[in-house]
Structure formats: C-alpha cells, structure tokens
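Asker: Here you go, sequence then predicted model.
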Amino acid sequence: MPADPSAQPQDDELSELLNLQMPAESASVTAITDAISEALVRLKVPEEKQLEIGLAVQEALVNAVVHGCNNDPSKEIQCRLQRDARGRIAIIVTDPGPGFSPELLSNPKQGDNVYADHGRGVYLIRQLMDEVHFENGGNEIRMWKY
Amino acid sequence: MDISVRKRSQVQLIHLRGQLRLGQAVDELRQTIEESLGNGDTRFAINLAEVPMVDSSGIGLLVRFLASTKQRGGNIKLVQPSKFAVQTLRLVGVLNLFEVFDDDDAAVQSFA
C-alpha cells in the first residue's frame, strides 16, 4: 500500500536542526523567532512559507510566555526546528505550564470577537500551518508546514 | 521597528518599518498613538508598506485603537499594507474593519 502523503511523519525520519531554550519573556520571543527565520532562509524555504512559519512560531512562543509561563522569565520554553526527508518543516514549542484545552477557544471571527484585542494566536497558527497538534495536555504544540 | 509621525491636514500620518509584533514594536506604536490621542488627535493613517509581518498583538493593537478613534469621531486607515499583512488581517477577519488606501495622499484626503 502506498504511503499516505498526508500522514504525520514518524520521529525517526526527522532530523533536528535547532533546539533552543529561552526564558519566558517577550524579548526572547523576538530572538528565537528571528533564529528560526534565519534557519529557514538557509534551508531555502520559499519566502511565503518563511513568513507563514515565522508568524506561527511567533504566536506559539507568545502563547507559551503569556499563558504557559505567566510572563515569568525564571521559567524556560523550548523551541525545536525539525525537517523530514521530504523537506517538510516541523516546529515544536514546549512550555512548563499546566496546558490548556484548545477546543475551548472561541472563534475570533465570530460576533464581537472580531473587535477584541486578543484571542487570535491559536486561530492564526491553524490557518498558517498545514497541520497542528497539541500534546502533553496542551503545553506542547507541534506544527507542520509541508 | 522604526516609527515616523508627520501631521498632514489634521491627520497623523504614521510610517512603520519593521515587524509589528509583541514587544518593543507594539509598545512603541501603542505609546505613539496614545500620546496623539492625548493631544486630541483622532485621525490616523498608518503606512504598512515596510511592515512584512503583523502578529496577533499588532492586530489587537490596531483593532483596539480603531475602536478608540471611532468613539471620538475619528478613524484609523491603513496605507499600502504588505501582501502578507493583508493576508494575515484577512485570515482573522479584521481586514474589512479598515479602510485601505494605495498611498498616503489618498488616505489623508479621505478624511476631508
């Protein structure tokens, strides 16, 4: 049977390109997002995909800082960049927080939510990336760009 | 993030350069607009031609000040947003909240 091209790659097929740790503060979000973006340039990822992945990483890291760590810089966040044999990119962001239930998030495009000044991060990630999984009770996000 | 502000025909014309995202960029733009609001300005044109990316914090800021200015009888209008900024604003359903113009002059004149 031919392999399902949409199946999530197995870990043993992945090569880890970056494994970064950062304190939970907004200045570190910028530094890590820029490091990931620079790696994508070196990998010759098309510019449009670079922007989409970069914004998804930014949103995931901000969520980890604000919601996973309560803006406590003594807490640490991990961000990994991986690539499989087909060139598909995976980003994994892990925080030490209690996690959350992504299905409880409201749709930012519905009703008065459109006028809110927050609540768009996870929705954006899901729109920008091809596959998104929340693991370990929600304190790890694993997202794929094909 | 570089921010330059000029006043033209009672409109605060704000040019941004760099990524509009959580941290220094969003903080500086928030401070700039709050100072202008404090001085009684309610008409803003924000040029996003050199802003390759706007994150959800930047979007939240723009939406919040759009509401603030409209409550005061003013507005925030966008000028030349980059392709990815347009895509992002559309993805989260806020692009149609803003009037968008191709150049500064058109945005400024639209307030007349």
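Answerer: Received it, and whenever you're ready, just let me know what you need. Numbering: from 1, shown residues only, chains lettered A, B, ... in the order given.
Asker: And the most centrally placed residue in chain B, how close does it get to chain A?
Answerer: Nearest to the mean C-alpha position of chain B, by CA atoms, centre = their mean, lies residue B:46 at 3.6 Å. With distances taken as CB to the nearest CB, to the nearest Å, residue B:46 is found 16 Å from chain A. Bear in mind the C-beta positions are built from the backbone N, C-alpha and C, glycine included.
Asker: That residue against residue B:14, yeah?
Answerer: Yes - Residue B:46 is in contact with residue B:14 according to CB atoms under 8 Å; the separation is 4.8 Å.
Asker: tell me the mean pLDDT for stretch B:20-35?
Answerer: Stretch B:20-35 shows an average pLDDT of 96 in the prediction.
Asker: Give me the contacts around that stretch.
Answerer: A:26-27, A:29-30, A:33, A:58, A:62, B:1, B:3, B:5, B:14, B:16, B:18-19, B:44, B:48, B:51, B:53-55, B:57-58, B:61, B:65 (CB atoms under 8 Å, 6 or more residues apart in numbering or on different chains).
Asker: Now do the residue nearest to the centre of chain B, the pLDDT please.
Answerer: The predicted structure scores residue B:46 at 98 on the pLDDT scale.
Asker: Check which helix or strand it maps to.
Answerer: With elements taken from DSSP states H and E, the one containing residue B:46 is strand B:43-50.
Asker: Now the element after that strand, going C-ward?
Answerer: Sequence-wise, the next helix or strand downstream of strand B:43-50 (DSSP H and E) is helix B:56-71.
Asker: pLDDT of that next one, averaged?
Answerer: What helix B:56-71 shows for mean pLDDT is 97.
Asker: Could you check the helix or strand that comes right after it against chain A for contacts?
Answerer: Taking DSSP H and E as the definition, the helix or strand that follows helix B:56-71 towards the C-terminus is strand B:75-79. No - residues of strand B:75-79 are not located near chain A by CB under 8 Å from any CB of the partner chain, the shortest gap being 13.1 Å.
Asker: Remind me what whichever helix or strand comes after strand B:75-79 packs against, helices and strands.
Answerer: Once strand B:75-79 ends, the next helix or strand along the chain (criterion: DSSP H and E) is helix B:83-91. Taking 3 or more CB pairs under 8 Å, 6 or more residues apart in numbering or on different chains; DSSP states H and E as the contact definition, the neighbouring helices and strands of helix B:83-91 are helix A:47-63, helix A:121-128.
Asker: mind checking which of these is nearest residue A:86?
Answerer: helix A:47-63 (13.9 Å; CB to CB).
Asker: Contacts only, for the residue nearest to residue A:23 when sequence neighbours are not counted.
Answerer: Excluding its sequence neighbours, the residue lying closest to residue A:23 (CB to CB, 6 or more residues apart in numbering or on different chains) is residue A:73, at 4.2 Å. Each residue near residue A:73 by CB under 8 Å, 6+ apart is listed here: A:23-25, A:28.
Asker: Name the member of those residues that has the highest neighbour count.
Answerer: Neighbour counts for the contacts of residue A:73 were taken using other CB atoms under 10 Å in any protein chain shown; the highest belongs to residue A:24, which has 23 neighbours.
Asker: and stretch B:26-33, which residues are buried?
Answerer: B:26, B:28-29, B:32-33 (16 or more other CB atoms under 10 Å in any protein chain shown).
Asker: just to revisit the earlier point, got a list of contacts for the strand holding residue B:46?
Answerer: By CB under 8 Å, 6+ apart, the surrounding residues in contact with strand B:43-50 are B:10-18, B:20, B:33, B:36, B:54, B:62, B:65, B:69, B:74-82, B:85, B:101, B:104, B:107-108, B:111.
Asker: Could you give me the ChimeraX selection string for whichever of those are buried?
Answerer: The following ChimeraX selection, which keeps only the buried ones among the contacts of strand B:43-50, applies the criterion 16+ other CB under 10 Å:
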select /B:11,12,13,14,15,16,20,33,36,54,62,65,69,74,75,76,77,78,79,80,81,82,85,101,104,107,108,111
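Asker: Who are the contact partners of residue B:104?
Answerer: When contacts are taken as CB under 8 Å, 6+ apart, residue B:104 is in contact with B:8, B:13, B:45, B:47, B:79.
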